[in-house]
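S.K.: Give the three-dimensional model of this entry:
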Amino acid sequence: MSEVTEKQPLGTPTWIDLGIPDLAIARDFYGALFDWEFVDAGADAGHYTMCLLRDRPVAALAPTGADESAHWWNVYLATDDCDATVARIMAAGGRLVLSPTDVPGQGRMAIAIDPVGGQFGLWQAGNHLGCALVNEPGTLIRNDLVTADPEPARRFYAEVFDFTLDGNPDLPEWDFTFLRRPDGHEIGGVMGVPGASSMWQTTFEVADTDAVLERALAHGGRAGEPDDFVYGRMAQVTDPFGAEFSVITRAWPSQD
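M.R.: You can find the predicted model right below:
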């Protein structure tokens, strides 16, 4: 278990949300998978429905039009200065979808696209720090950028967020590079996959991958075949709206 009680360092995945066309269906699906409860955050938080685990926010659902739902979870990377980080994004070859915008009483945000087409957000925390729990069942455990063009992506994120780049000796057959903050903390990675669309993929920790897959099918989603590898038992899930994410039961207990 890992409780987050202060602002995260630059570049750390700090918040996730998902656009959905039907809140009742989304609540039924994600509540069944992750034991989440839900509360309307109100107009000051962008009409979000906050997803709670043990009364702490771990994600959010945002109502959209029927044809406007995202097909992936949006990840927001932490920054102490949204405007300054946006300037670095632009200088490194990125572009903006949403310019820096205040969320009254909560923080400041922006949405950007990297040079290979991967979309991500920035979150400058105010009263809302982001995910209050991570790295335990029912919460975010990691985000990785999957792209067919990994080298420009690696250069971009290193330039914007001061990440260092490390290979993965555990999986030498994969084109995967760890992204690490200057303090050495791993925040995710960049995976080269020929033919893949560029997107940040979200992975949730679960206590039992197979049980979660069964619940996903029972509540209107789709489930991929689970795969055992060095880090645990992992599978892809698609929610009733077509949004894809992964779940993993780690091969060893959390040390967080």
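S.K.: Contact partners for F156?
M.R.: If you count contacts by C-beta atoms under 8 Å, 6 or more residues apart in numbering, F156 has them with 92-94, 114-116. Glycine gets a C-beta too; all of them are placed from N, C-alpha and C.
S.K.: G31 versus that one, what's the distance?
M.R.: Taking C-beta to C-beta, to the nearest Å as the measure, F156 and G31 are separated by 36 Å.
S.K.: and R56, what is it in contact with?
M.R.: The contact partners of R56, taken as C-beta under 8 Å, 6+ apart, are 3, 132-133.
S.K.: 10 Å - rerun?
M.R.: The contact partners of R56, taken as C-beta atoms under 10 Å, 6 or more residues apart in numbering, are 3-4, 50, 131-133, 139.
S.K.: State the distance from it to V4.
M.R.: In this structure, R56 and V4 are 9 Å apart, going by C-beta to C-beta.
S.K.: try T177
M.R.: Noted for T177: a distance of 25 Å to V4, by C-beta to C-beta.
S.K.: Likewise for C131?
M.R.: Here the criterion is C-beta to C-beta. By it, C131 lies 6 Å from V4.
S.K.: quick one: common contacting residues for the two?
M.R.: Taking C-beta under 10 Å, 6+ apart as the contact rule, C131 and V4 both touch 14, 56-58, 139.
S.K.: Selecting buried members of those in PyMOL, what would you type?
M.R.: Command for PyMOL that selects the buried part of the shared contacts of C131 and V4, burial taken from 16 or more other C-beta atoms under 10 Å:
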select buried, resi 14+57+58+139
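S.K.: just the shared contacts of C131 and V4 now: which is nearest M109?
M.R.: T14 (10.8 Å; C-beta to C-beta).
S.K.: Can you tell me the SS state at the closest one?
M.R.: The local conformation at T14, judged by DSSP: H, G, I helix; E, B strand; the rest coil, is strand.
S.K.: Same question for R88.
M.R.: Three-state assignment for R88 (three-state DSSP): helix.
S.K.: now swap in T5 and tell me
M.R.: Once three-state DSSP is applied, T5 turns out coil.
S.K.: Next, count neighbours for it.
M.R.: Burial measure for T5: 6 neighbouring residues, criterion other C-beta atoms under 10 Å.
S.K.: Also the one 3 residues further on?
M.R.: Residue crowding around Q8 was assessed by other C-beta under 10 Å; the count is 23.
S.K.: the helices in this structure, which residues?
M.R.: Assigned helices in the chain, in chain order: 23-34, 82-91, 150-161, 209-218 (criterion: DSSP state H).
S.K.: May I have the residues that are in contact with the spatially closest residue to G184 that is not a sequence neighbour?
M.R.: The shortest distance from G184 to any residue other than its chain neighbours is 8.0 Å, reached at T164 (C-beta to C-beta, 6 or more residues apart in numbering). With C-beta under 10 Å, 6+ apart as the criterion, the residues that contact T164 are 158, 177-182, 184, 186.
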